[in-house]
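Trainee: structure of the sequence below:
(2 chains)
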Amino acid sequence: MTRAFPATSATSVTATDGGPAVEVRDLVKRYPKRPVNAVDGISFTVGRGEIFGLLGPNGAGKTTTIGVLTTRVKATSGSANVGGVDVVAHPVAARARLAVVPQRVNLDRALTARQNLVFHAAYHGVPVAERNRRADAVLEQFGLADRAKDKVDFYSGGMGQRLLIARAMMHAPEVLFLDEPSTGLDPQARLFVWDRIREMRANGVTIVLTTHDMDEAATLADRVGIMDHGTLLALDTPDALTRSLPGSTTLDLTIAHAAGDSPAAIIGELSAVRGVEQVESVASDQSGGGGMPGGPPPAPAAPQSAPSELRVRLYLTSEAAALIAPVTELLLGRGARLTAISLGEPSLEDVFISLTGRDLR
Amino acid sequence: MPSGSDRSGAGAVRAFGALLWRDVFVTGRELVAFLAQVILQPLFLLFVFGKVLGDLGYTQDNFAQVLLPGVIAFTAFLTALQNVAFPLVIDFSYTKEIEDRLMAPLPTSMVAVEKVVFATLRALIAAVLMFPLGYWVLGEVSITWAAVPAVAMFLVLGALVGAAVGLTLGTLVTASKINLVFAIVLTPLLFTGSTQFPWVSLDDLRWFQVICAVNPLTYVSEGMRAEMLPSLDHIPAWVSGLALLGYLVVFMAIGIKGFLRRAID
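Mentor: This is a model prediction of the structure:
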């Protein structure tokens, strides 16, 4: 495993290299005087070098989970290990192995940007020459070199966020926790931060991030855990999660068929194709869109609505693209042809909404 | 802790040193602001009560020398208290700047101890400066070389207790209530701390004497007076010393508990 910087001596405590980067087992956090558990018995592991996303609505328990893993929240029960170190039993050793980028900018405003980095490294026992070298390197990497000597008071929100991530890298952590890293960033800064996150992963750093930004989770994370009410509802790769949403992959077809052919017969035959779960004919004015972003599917219309044109929606159990060939072949066999085709893939948002509901938090 | 306890211990010591160095570094750059902040109030107190009232004939001849040890004690105690309490309230409520230090590889309670140690250093600088300033304003300072070690000990103890009280206040008080709490706490603390009068002379004002006996600042003032003006009636130095040690233990325990409660959910 290569790291952005060599580990400092202070980080090598109770090492059990080779195990998962993060391991959470039956974790429960109950705040006093609250009727329900903030985190209610969740378990998951994050492999080394993985980007893991915790997705959930506000108040789902994401930040509390990160809080436990970063030694700032005391677990009520269960266990949590980071870099092979039990964060409950050995918080000091764990802190040497992890870094946190919080939701809110908490930079040291009495210091310049560069001093923020250098002092952070000093807290973690990085030797003087090395911390100066690293500070210059990350300032360059995060596009802050020309503003290195500015007091952070004068930094914009986006620059502050970048400096927070840069600071987290200063002690070469094994695991980096980012709590909603792109909240409040403009699109450019967001892409920039995503690139830096991927870069860190490429250098062997394990990344755990929380977000309620579907795009961020879908494009950045290797695996996503969806949380709500303190429990983990689903955990898989973004692809597998969207595929798991029952009947949500669709194929919309517009078919020109022979005048004598019966739409009902065509639908019957399409239903028998492997991978097709259900076929509905669709009213002409509703046939446009693919997918079903949370809304109810269009109501089936009477098959006879258009004499020689038929619009149908196929609900699939497998990938839509794979069905184009067999469907085309089938239609050609009946003397019909496809005039329009539209693939509807569900998004992570559909999965999220189907798991967590539509209620406001 | 398993295998790496030595290394982790060394790391904690290094982290503690780095935290302290950060605070010293920032203070060094704001030296003038720091001095103005800690010197002006005691200086004016000394000038008006010790010099002006004396020259106008409103106070007895030796009052200035009764006042000086009290003012030095007050400087040490309150500088330490404020230098812990104010930054903590702001850090925990608004800026959250302390979070990066809480994530340093050392026990969380040591972050609180660092605050106390640093505030004590600042308070000692301020208190020591009051000696030449006192000489400058009053024309004399009553102290013998033999008394210096004991005076130094009372200053250190007084600053430590002040810082510990500051830790307690800073972690108990929320930002929205800071003005109220400091008005309620600081003014009585200042006027019941036997800084402007010897505690023993309050015999005729028994109820006030009892109230003053509760204030830890009284024992700093009395300890300083015991060493600098031994001829004046005073609480025995060992009693003052023990009282301060007792207060130190109690307020450090409450303060660290409060700090841990704010730092870890």
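Trainee: use CA for all of it now, contacts and neighbours both
Mentor: Will do.
Trainee: do you know the pLDDT at residue A:204?
Mentor: Residue A:204 is assigned 91 on the pLDDT scale.
Trainee: name the single longest helix found in chain A.
Mentor: Longest helix in chain A, counting residues (DSSP state H): helix A:187-202.
Trainee: then whichever helix or strand comes after it to PDB, C-alphas only?
Mentor: If you walk from helix A:187-202 toward the C-terminus, the next helix or strand you reach (DSSP states H and E) is strand A:206-211. These are the backbone C-alpha positions of strand A:206-211, laid out as PDB (Å, rounded to 0.1, in the frame of the first residue of the first chain):
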ATOM      1  CA  THR A 206      -9.500   5.000   2.900                       C
ATOM      2  CA  ILE A 207     -12.300   7.500   2.600                       C
ATOM      3  CA  VAL A 208     -15.600   7.500   4.600                       C
ATOM      4  CA  LEU A 209     -18.000  10.300   3.600                       C
ATOM      5  CA  THR A 210     -21.500  11.200   4.600                       C
ATOM      6  CA  THR A 211     -23.700  13.000   2.200                       C
END
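Trainee: can you name the element that comes right after strand A:206-211?
Mentor: Scanning the chain past strand A:206-211 towards its C-terminal end, the next helix or strand to appear is helix A:214-220 (assignment: DSSP H and E).
Trainee: which elements pack onto that following helix?
Mentor: For helix A:214-220, the packing partners by 3 or more CA pairs under 8 Å, 6 or more residues apart in numbering or on different chains; DSSP states H and E come out as strand A:51-55, helix A:348-356.
Trainee: determine which stretch of these is the most buried.
Mentor: Of all these, strand A:51-55 has the most neighbours on average by mean count of other CA atoms under 10 Å in any protein chain shown, namely a mean of 27.
Trainee: just checking, what packs against the following helix or strand past that one?
Mentor: Counting by DSSP H and E, the element after strand A:51-55 in chain order, helix or strand, is helix A:62-69. For helix A:62-69, the packing partners by 3+ CA pairs under 8 Å, 6+ apart come out as strand A:77-82, strand A:175-179.
Trainee: where does the chain dip in pLDDT?
Mentor: Since no chain was named, I'll use chain A. Applying pLDDT under 70 to chain A flags the ranges A:1-18, A:246-248, A:283-307, A:358, A:360-361.
Trainee: actually, chain B is the one I wanted.
Mentor: In the predicted model, chain B carries pLDDT under 70 at residues B:1-8.
Trainee: how about the helices of the stretch 101-250 of chain B, start to end?
Mentor: Shown for the stretch 101-250 of chain B, the helices assigned by DSSP state H, counting those that start in this stretch span residues B:108-138, B:148-172, B:178-191, B:206-214, B:216-228, B:237-263.
Trainee: pull the shortest one out as CSV, backbone CA atoms only.
Mentor: This means helix B:206-214. Taking Å, rounded to 0.1, in the frame of the first residue of the first chain, the C-alpha atoms of helix B:206-214 are listed here in CSV:
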residue,chain,number,x,y,z
ARG,B,206,-18.4,39.0,60.4
TRP,B,207,-20.9,38.2,57.7
PHE,B,208,-18.7,39.8,55.0
GLN,B,209,-15.7,38.0,56.4
VAL,B,210,-17.5,34.7,56.0
ILE,B,211,-18.3,35.5,52.4
CYS,B,212,-14.8,36.5,51.7
ALA,B,213,-13.5,33.2,53.2
VAL,B,214,-15.4,31.3,50.5
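Trainee: ok, which of the helices and strands packed on helix A:62-69 comes nearest chain B?
Mentor: Proximity to chain B (CA to the nearest CA) singles out strand A:175-179 among the helices and strands packed on helix A:62-69, at 12.2 Å.
Trainee: tell me the strands beside the closest one, with direction?
Mentor: Sheet neighbours of strand A:175-179, with direction, are listed as strand A:98-101 (parallel), strand A:206-211 (parallel) (DSSP bridges).
Trainee: chain B versus the residue sitting furthest away from the middle of chain A, what's the distance?
Mentor: Farthest-out residue of chain A from its mean C-alpha position, per CA atoms, centre = their mean: residue A:260, at 50.7 Å. Relative to chain B, residue A:260 is positioned 73 Å away (criterion: CA to the nearest CA, to the nearest Å).
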